[in-house]
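K.L.:
Here is the input, now give the coordinates:
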Amino acid sequence: MDVYLVGGAVRDSLLGRQVTERDWVVIGATPEEMLSSHFQQVGKDFPVFLHPETKEEYALARTERKTGHGYKGFTCYAEPNVTLEEDLQRRDLTINAIAQAADGTLVDPYDGQKDLENKVLRHVSEAFAEDPLRVLRVARFAARYHEYGFQIAPETEILMKQMVNTGELEHLTPERIWKEFEKTFTENNAAVFVQTLLDIGALEVFCPELAQSWQQSTQERLNYAESRQFSATLRLASLFQDLGFDIQDGKSARLTAASEKLRMPKEVKDLAQFTALYTQFFQQKTPFTAEKVLKMLNSIDVWRKEERFDDVLKLCQITEKNIESLHTKMIKACYQAALTVNVQDVIKDGFEGVQIKKELEKRRISKINEALSESDALT
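P.N.:
A predicted model of the protein is given here:
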């Protein structure tokens with residue numbers, strides 16, 4: 001059997017990027033031979049094995065035949081007679097279809113090195129269109145390698161648009177779509193990912209609410225969040241926060257719809273909604289009162305999760321572009337004042353049942369009033 005390093009490890013090594021994981025393809029072997037060498041098979045019907053020591057993935061060379069819709073609608077053929085070139089041909093992009101032998105020799109039948117040099121993301125073959133997940137992967141690669149100057153090849157972009165028009169993307173599960181969003185938002189230039197999906201019409205399929213709300217200010221927010229090294233959760237919340245402004249009874253129909261379509265984690269949805277609530281609070285033309293401040297703090301549930309208050313402030317700072325705005329200083333002072341009220345003290349003072357909550361809010365309002373009277377934001 002022959003073993004070759006393939007995929008991302010070869011690509012990133014040629015680009016001078018840090019290689020974080022390595023995948024291997026095995027030519028001329030059977031599952032029985034792999035198992036006899038103490039490799040552990042990943043799934044009963046899939047020809048991928050884990051190395052007994054490194055736990056890196058070793059896949060038998062295979063070809064694939066489209067048998068159904070979606071990214072799982074394939075039948076694999078993995079026999080010892082499958083060649084390296086045939087295995088590489090089933091891959092998505094030419095830059096991912098380069099193999100490296102043990103002596104360092106590169107096998108590059110589809111000119112991946114040329115596309116690396118020319119900064120082009122190009123599909124290997126027309127079989128690209130059989131897997132709708134590849135649309136998301138190419139958008140993710142466009143974001144990841146944006147700093148190197150990579151662009152999607154015109155013919156690949158046309159093929160991606162055709163995949164949108166044929167309805168193939170509709171067979172992707174919301175969970176798989178969201179996973180690609182999460183992967184992208186752990187890295188920089190996530191706005192390129194969203195813009196790519198928008199340009200080819202895919203974003204309208206995945207989340208029409210986001211497609212309709214996407215604007216220059218959204219992109220600027222994402223870039224700012226990246227520059228501040230905010231977490232992926234905060235960046236994703238920033239992406240969706242514009243959907244939260246049509247609030248009725250504390251909830252947004254558009255944000256709820258987007259959340260259901262993408263199976264958005266509750267923390268992302270909540271942060272997007274809370275940021276909208278916070279922003280709307282400061283857009284009021286009526287004077288701030290302690291009662292209104294407390295209602296806003298209650299609405300974003302800061303008492304059970306103190307870290308949420310800091311997260312909402314970070315997201316609002318993106319919009320304000322001012323780390324210590326008057327609004328931020330005022331609300332911080334009010335929040336810190338309200339935190340000095342201890343529910344245990346209320347109980348010690350003899351309050352019971354529903355009276356505990358009433359007294360707790362009364363004392364918090366008193367403390368917030370003190371903070372407001374001292375705040376420079378009132379001037």
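
K.L.:
In CSV, list the C-alpha atoms belonging to the top helix by length along the chain.
P.N.:
Counting residues, the longest helix in the chain under DSSP state H turns out to be helix 354-374. Presented in CSV, the C-alpha positions along helix 354-374 are these (Å, rounded to 0.1, in the frame of the first residue of the first chain):
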residue,chain,number,x,y,z
VAL,A,354,-44.0,37.5,46.5
GLN,A,355,-43.0,40.3,48.8
ILE,A,356,-39.3,39.3,48.4
LYS,A,357,-39.4,40.2,44.7
LYS,A,358,-41.3,43.5,45.3
GLU,A,359,-38.9,44.6,48.0
LEU,A,360,-35.9,43.5,45.9
GLU,A,361,-37.0,45.7,43.0
LYS,A,362,-37.8,48.6,45.3
ARG,A,363,-34.3,48.6,46.7
ARG,A,364,-32.8,48.2,43.3
ILE,A,365,-34.7,51.2,42.0
SER,A,366,-33.5,53.2,45.0
LYS,A,367,-29.9,52.3,44.2
ILE,A,368,-30.3,53.0,40.5
ASN,A,369,-31.8,56.4,41.3
GLU,A,370,-28.7,57.3,43.4
ALA,A,371,-26.5,56.2,40.4
LEU,A,372,-28.6,58.3,38.0
SER,A,373,-28.4,61.4,40.1
GLU,A,374,-24.6,61.1,40.1
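
K.L.:
what packs against it?
P.N.:
The helices and strands touching helix 354-374, judged by 3 or more Cβ pairs under 8 Å, 6 or more residues apart in numbering; DSSP states H and E, are helix 290-299, helix 326-339, helix 343-348. Using the backbone N, CA and C atoms, a C-beta is placed for each residue, glycine as well.

K.L.:
So Ile368 sits against Cys334, correct?
P.N.:
Yes. With contact taken as Cβ atoms under 8 Å, Ile368 and Cys334 are classed as touching, separated by 4.7 Å.

K.L.:
before we move on, back to that, list the buried residues of the longest helix of the chain.
P.N.:
Glu359, Leu360, Glu361, Arg363, Arg364, Ile365, Lys367, Ile368, Asn369, Ala371, Leu372 (16 or more other Cβ atoms under 10 Å).

K.L.:
Repeat that for stretch 46-55.
P.N.:
For stretch 46-55, the neighbour count (16+ other Cβ under 10 Å) marks Pro47, Val48, Phe49, Leu50, His51 as buried.

K.L.:
ok so, going back, joint contacts of Ile368 and Cys334?
P.N.:
Both Ile368 and Cys334 are contacted by Ala290, Val293, under the criterion Cβ atoms under 8 Å, 6 or more residues apart in numbering.

K.L.:
How about the spatially most central residue of the chain: what's its closest non-neighbour residue?
P.N.:
Of all residues in the chain, the one closest to the mean position by Cα atoms, centre = their mean is Glu182, 2.1 Å from it. Nearest residue to Glu182 in three dimensions, chain neighbours excluded: Ala232, at 6.2 Å (Cβ to Cβ, 6 or more residues apart in numbering).

K.L.:
thought Ala142 was touching Thr196?
P.N.:
Yes. At 5.0 Å, Ala142 counts as touching Thr196 under the criterion of Cβ under 8 Å.

K.L.:
Tell me which of these two has more neighbours.
P.N.:
Applying other Cβ atoms under 10 Å to Ala142 and Thr196 shows that Thr196 carries more neighbours, namely 24 against 21.

K.L.:
My understanding was that that one contacts Arg144; is that so?
P.N.:
No. Applying Cβ under 8 Å, one finds Thr196 not in contact with Arg144, separated by 11.5 Å.

K.L.:
can you pull out the helices in the stretch 201-350 of the chain?
P.N.:
Shown for the stretch 201-350 of the chain, the helices assigned by DSSP state H, counting those that start in this stretch span residues 202-206, 208-213, 216-227, 232-240, 253-262, 266-282, 290-299, 306-320, 326-339, 343-348.

K.L.:
To clarify, my last question referred to the stretch 51-200 of the chain.
P.N.:
Going by DSSP H, counting those that start in this stretch, the stretch 51-200 of the chain shows helices at 84-89, 112-118, 133-144, 154-166, 174-184, 190-199.

K.L.:
follow-up on the earlier one: between Ala142 and Thr196, which contacts overlap?
P.N.:
With Cβ under 8 Å, 6+ apart, Ala142 and Thr196 have common neighbours Ile152.
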